[in-house]
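Colleague: make a model of this:
(chains A and B)
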Protein chains: 2
Amino acid sequence: MHLCISLAQLARKGEKSNMKVVCSVNPGHCTLISYNFLLLIILQLGLDTVESVWPLPQTFITSPERYQLKPQSFSFGYRRHLAAQHHCSVLDAAFKRYFSILFPDYASGNDTIRFSENEIFTLTISLDHHDCEGYPNQDSSERYKLNVSAGQASLNAETVWGALKGLETFSQLVYQDDFGSYYINKTNIEDFPQFQYRGILLDTSRHYLPVQTILKTLDAMAYSKFNVFHWHIVDDPSFPYQSRTFPDLSNKGAFHPMTHIYTQSDVRRVISYARKRGIRVLPEFDSPGHTKSWGKGQPDLLTPCYKGGAPSGTFGPVNPTSPSTYQFMASLFKEVASVFPDTYIHLGGDEVDFYCWRSNPYIRAFMHKMGFGVDFNKLETFYIEKIVNITSALRKTSIVWQDVFDYHEQHKSLSVVEVWKQGCYLCEVRKVVKAGLRVILASPWYLDQPGPTHNWARYYNVWPLAFKGTEKQKRLVIGGEVCLWGEYVDATNLSPRLWPRASAAAERLWSNERQTSSVDKAFQRLQEFRCKLLRRGIQAEPLDVGHCKHEYQSV
Amino acid sequence: MHLCISLAQLARKGEKSNMKVVCSVNPGHCTLISYNFLLLIILQLGLDTVESVWPLPQTFITSPERYQLKPQSFSFGYRRHLAAQHHCSVLDAAFKRYFSILFPDYASGNDTIRFSENEIFTLTISLDHHDCEGYPNQDSSERYKLNVSAGQASLNAETVWGALKGLETFSQLVYQDDFGSYYINKTNIEDFPQFQYRGILLDTSRHYLPVQTILKTLDAMAYSKFNVFHWHIVDDPSFPYQSRTFPDLSNKGAFHPMTHIYTQSDVRRVISYARKRGIRVLPEFDSPGHTKSWGKGQPDLLTPCYKGGAPSGTFGPVNPTSPSTYQFMASLFKEVASVFPDTYIHLGGDEVDFYCWRSNPYIRAFMHKMGFGVDFNKLETFYIEKIVNITSALRKTSIVWQDVFDYHEQHKSLSVVEVWKQGCYLCEVRKVVKAGLRVILASPWYLDQPGPTHNWARYYNVWPLAFKGTEKQKRLVIGGEVCLWGEYVDATNLSPRLWPRASAAAERLWSNERQTSSVDKAFQRLQEFRCKLLRRGIQAEPLDVGHCKHEYQSV
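Modeller: Below is the predicted model:
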């Protein structure tokens, strides 16, 4: 309620001082009257001159009053009491990155240029919690306040992760006029994400993605304020993760044991690069299905399939009946838990084909002994429970694909369910939250499917909370995820397939649903954002006929 | 018939010397018996070890006998009597390009390395016609013979354009073993294209394409043996061609008059680059529709639309009633004819909306005066006839989109019709050839539409001659064209959208239909070709799960 009051104040202030309220209101807490009042102001002041920020901040007040920024006299700084403590490495690195982004035409080298005092512009940061050495997690605040006025801007955030979001917003506010001069308008922003989990899944098993491709994707993710990189690192076709404990997994299971792997150093680099951009790295080691490549380096892990009473030479899912399976899994996940600092881990559990288990007499005998009858779902449950217990003991929160939820009678061991199947996905979301579990929604954002970019609205017009449920249930929908499966995606087409379509999902997951319900209003802003991505070196494909002032050159 | 006899001889020789006939036969001239005989040999010898050449040569005999190639001791040469005359600049340039393609890992710089005489390998070229200074045209022979044996290869072609095709094939025959050594197998190839016109259309009006993007596409085209770059250079959204005669067309009609134009020098560069790769550049100046951008720099060219008896301020197609229109067009096409050396020119003529013409009282009066009644097709015919006459006087063969053929009663002024509409396109092809006109088929190859790459077979399984008609009529189908319209395509996504899907069309247009009717057999070869494209720096997207030995790195 505090926010609403300050918004109304700001709106009134805006009326007097020729500021305009571009969007505002936390609708969960504000009354309809104040919402309409603000909407009226928005309409009166006109939306056509809205500064382009994507995703749209929760509260965004801007004015025609503008200030010139000069690279020579622009600086980032810490608020004095903070600087007195020590600098923040994550922010220091971000200052360097964003300086280049703010002033793309500026070639430094002549630091002796004189400038007058009144040309100085400083963006001063203050943090409520000085947590620069940690990692972002599911509960990290990303809230920030940004105030731009003559000669200065102040950015306040609870955490460094919120400050990074504010820096991104600040960078999007700066523009160049036709003569190349840089400007920023008087602006007041209060911002926070609608959903805490905003992920992108990359699949490095069906095609190997060079580390550079992953890093570039992390850059682009930060520009759209995504905060989770879901690394679907291994699957049937290849096992590129180079395990310390089980080096044969990649030696024998990768497309190539030297050139198509992620070494420990590669993984550390990805995690560190992501952290500096406020992005969590959430690994998925999917089992018991999707594990063909695991079997090459770990004999006896997979179930031998039988044909005509004898082993056929082919293998099925992980063998859930053998104690050695769980010893192996415990060792592997112990390593994974130490390599990936995130508190979440994705266990997969999707698309298990029972054909091979059914063919194997030892599996059937085990089923009989355990009293499972012929219900292979019970066998899968038995397996998943064991794996969940292994990861729980490692203090990790496990995510599973919806299959695990769908086929299990008991849900008490589950924590987070990722909904991926097409059809009435909100029906599924509702079922999961009714069971008291958290949900990540992926179904509407399967971007590996090529589609006309101008259909971006399909990814924009998704309402994850548009189901009947209590407030408490809706809070269990922790976010959503864009999935870029790898069957037909590799480094050649990843960027244009992902961007700017994924940015449509990003706004849905960050911004206020009511303020971003119009595709038409979003379109121009998304086009401008796409041009920004281009200028920052991201190969984002066009939304329609037209051009950007700075086209993509490196072809 | 000569070819068939030599093929049979080669096939017999192959049986004795462990050579295998991979594919062969010019089916138009060979008997069914010899075809089946050869097919039998193919099956006996196995297709799984076929050398990968894309598009598949007409006759391709290879042997397991292989020769090592060393960059230090490899050379290109001219057959002695040719060298005695003078070198050929097009081939000299091609030697340089292909040396890098043949030996991608080779860093030159140490020319003092000693090598023994028996390590020398020379590819010797001979041409029947020494036409190095000209341009390829519709009648240029692209036929070549390539023979690879110990220490040498000979490439014979009628023209330099055929020799370029042979060099491309040679480059695809060279491979590296696991230790990085280069090899080529004993090979005998006789090759020529099935269709003379094998084009790719790029649209530089809906999005501006940097010259570098066009040049890179020309490189990739040469790898797939495409030979026509159909440059849809202007259209409604922008007029990037910088005209000498009418500079205002791009000054006012381009997206930007400085950064989003093709200068005369840019155009010369594109034409020269294309020529060196055996590719014709065929410009399209589409009218009377698709000309909105023309109107900005050429007042009075377009038809003013009327509403309620007065001009509405909007404009329609080119005004066909005004003599100044034809003076302008004559001047523009005179310039275009001198800038673009190709003997063909594309006049467009598609999708003319009669709404604006109908609204304009002066147009209606003209119709009345000319006795056209209310048949606006007659007005369009009147216009197109005038434009065709202008270009005929400039000794250019004109191509028009099928609309012009469909709506005109008289076809005698038309020469070449490009079929682009979906539906029963072969019905249309048949109609056009029955009228005695030449056809270019584009309908099945509209690649601007994104689609799953694994649907490449959709572009492969096209049979341009699968209609009832005489041999003479079928010879009027001069080829086909991949169209990459620009609504949703620019430099960010052009390459992965075009390649390798366009290569599927390339094989259909180059290779023998009977030898390339199996999608399954083509698949492995296309995958290997796609990896070659990647290694040559073309961002060709993946066809399926898997990897290339050398992935695309520059991301």
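
Colleague: quick check: residues of the stretch 201-350 of chain A near chain B?
Modeller: A:206-208, A:210, A:212-213, A:216, A:237-238, A:255-256, A:259-260 (C-beta under 8 Å from any C-beta of the partner chain). Every C-beta, even on glycine, is put in place using the N, C-alpha and C of the backbone.

Colleague: of the residues you listed, closest to A:Gln298?
Modeller: Comparing those against A:Gln298 with C-beta to C-beta places A:Ser238 closest, at 14.2 Å.

Colleague: and the closest one, what does it touch?
Modeller: A:205-206, A:208, A:253-255, A:260, A:293, B:547 (C-beta atoms under 8 Å, 6 or more residues apart in numbering or on different chains).

Colleague: ok, A:Gln138 next?
Modeller: A:196-197, A:280, A:343-344, A:397, A:478 are the contacts of A:Gln138 under C-beta under 8 Å, 6+ apart.

Colleague: ok, it to chain B distance?
Modeller: 30 Å (C-beta to the nearest C-beta, to the nearest Å).

Colleague: out of the residues of the stretch 201-350 of chain A next to chain B, which end up buried?
Modeller: Among these, those buried by neighbour count (16 or more other C-beta atoms under 10 Å in any protein chain shown) are A:206-208, A:210, A:213, A:216, A:237-238, A:255, A:260.

Colleague: I'd like those as a markdown table, with pLDDT and secondary structure appended.
Modeller: Listed next are those as a markdown table, based on pLDDT from 0 to 100; DSSP: H, G, I helix; E, B strand; the rest coil:
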| residue | pLDDT | secondary structure |
| --- | --- | --- |
| A:Arg206 | 98 | coil |
| A:His207 | 98 | coil |
| A:Tyr208 | 98 | coil |
| A:Pro210 | 97 | coil |
| A:Thr213 | 97 | helix |
| A:Lys216 | 98 | helix |
| A:Pro237 | 98 | coil |
| A:Ser238 | 98 | coil |
| A:Phe255 | 98 | coil |
| A:His260 | 97 | coil |
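
Colleague: farthest pair within these?
Modeller: Of all pairs in those, the most separated under C-beta to C-beta is A:Lys216 and A:Pro237 at 22.7 Å.

Colleague: residue contacts, A:Ala504?
Modeller: Shown in contact with A:Ala504 (C-beta under 8 Å, 6+ apart): A:456-457, A:459-460, A:522, A:526.

Colleague: closest to B:Pro55 among the residues you listed?
Modeller: Closest approach to B:Pro55 among those (C-beta to C-beta): A:Trp456, at 36.0 Å.

Colleague: for that closest one, helix, strand, or coil?
Modeller: State at A:Trp456, reduced to three classes by DSSP: H, G, I helix; E, B strand; the rest coil: helix.

Colleague: burial check on it, number of neighbours?
Modeller: A:Trp456 has 23 neighbours, counted by other C-beta atoms under 10 Å in any protein chain shown.

Colleague: spell out the secondary structure type for the closest residue to it other than its chain neighbours.
Modeller: In space, and not counting its chain neighbours, A:Trp456 is closest to A:Ala504: 4.6 Å by C-beta to C-beta, 6 or more residues apart in numbering or on different chains. Three-state call for A:Ala504 (three-state DSSP): helix.

Colleague: so for A:Ala504, what's the pLDDT?
Modeller: With respect to pLDDT, A:Ala504 has a value of 98.

Colleague: tell me how far the residue nearest to A:Pro193 when sequence neighbours are not counted lies from chain B.
Modeller: Counting by C-beta to C-beta, 6+ apart, A:Trp510 is the residue found nearest to A:Pro193 once chain neighbours are left out, at 4.8 Å. As judged by C-beta to the nearest C-beta, A:Trp510 and chain B stand 24 Å apart.

Colleague: can you tell me the residue of the stretch 301-450 of chain A closest to chain B?
Modeller: A:Pro450 (4.1 Å; C-beta to the nearest C-beta).

Colleague: show the backbone phi and psi for the residue nearest to that residue when sequence neighbours are not counted.
Modeller: Distances taken as C-beta to C-beta, 6+ apart place B:Pro450 nearest to A:Pro450, at 4.1 Å, with adjacent residues excluded. Backbone torsions of B:Pro450, given as degrees, to the nearest 10, read phi -70, psi 150.

Colleague: isn't B:Pro450 right up against A:Gln449?
Modeller: No. Applying C-beta atoms under 8 Å, one finds B:Pro450 not in contact with A:Gln449, separated by 9.3 Å.

Colleague: between those two, who's got more neighbours?
Modeller: B:Pro450 (21 against 13).

Colleague: residue contacts, the more buried one?
Modeller: A:450-453, B:488, B:497.

Colleague: so how do I select the buried members of those in PyMOL?
Modeller: Only the buried entries of the contacts of B:Pro450 go into this PyMOL selection, using 16+ other C-beta under 10 Å:
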select buried, (chain A and resi 450+451+453) or (chain B and resi 488+497)
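
Colleague: now, the contacts of B:Pro450 that are in helices?
Modeller: B:Arg497 (DSSP state H).

Colleague: so for the contacts of B:Pro450, which is the shakiest by pLDDT?
Modeller: Where pLDDT dips furthest among those: A:Thr453, at 70.

Colleague: out of the contacts of B:Pro450, which is nearest to B:Ala150?
Modeller: B:Arg497 (43.2 Å).

Colleague: so that closest one is in contact with B:Leu484, correct?
Modeller: Yes. B:Arg497 lies in contact with B:Leu484 (C-beta under 8 Å); the separation is 6.9 Å.

Colleague: okay, and the common contacts of these two?
Modeller: Joint contacts of B:Arg497 and B:Leu484 (C-beta under 8 Å, 6+ apart) are B:447-448.

Colleague: the stretch 201-350 of chain A: helices as residue ranges?
Modeller: Counting by DSSP state H, counting those that start in this stretch, the stretch 201-350 of chain A has these helices, from start to end: A:211-223, A:248-253, A:264-275, A:292-297, A:323-339.

Colleague: how about the contacts of B:Pro450 in TSV, adding distance to B:Phe354?
Modeller: TSV is the format used below for those (distance: C-beta to C-beta, whole Å):
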residue	distance to B:Phe354
A:Pro450	36
A:Gly451	34
A:Pro452	29
A:Thr453	31
B:Tyr488	28
B:Arg497	33
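
Colleague: out of the contacts of B:Pro450, which is nearest to A:Ser141?
Modeller: A:Thr453 (33.7 Å).

Colleague: any idea how far the nearest residue to A:His346 once chain neighbours are set aside is from chain B?
Modeller: Closest residue to A:His346 apart from its sequence neighbours, by C-beta to C-beta, 6+ apart: A:Glu284 at 3.5 Å. Plainly put, A:Glu284 is 17 Å away from chain B if you go by C-beta to the nearest C-beta.

Colleague: and A:His550, by the same measure?
Modeller: Distance of A:His550 to chain B, given as C-beta to the nearest C-beta: 9 Å.

Colleague: what count of nearby residues applies to the residue lying closest to that residue once chain neighbours are set aside?
Modeller: Take A:His550 and drop its neighbours on the chain: the residue closest to it by C-beta to C-beta, 6+ apart is A:Arg535, 4.7 Å away. When neighbours are defined as other C-beta under 10 Å, A:Arg535 has 15 of them.

Colleague: so what's A:Arg535 scoring on pLDDT?
Modeller: On pLDDT, A:Arg535 comes in at 95.

Colleague: what's the answer for A:Gly46, then?
Modeller: Predicted confidence (pLDDT) for A:Gly46: 37.
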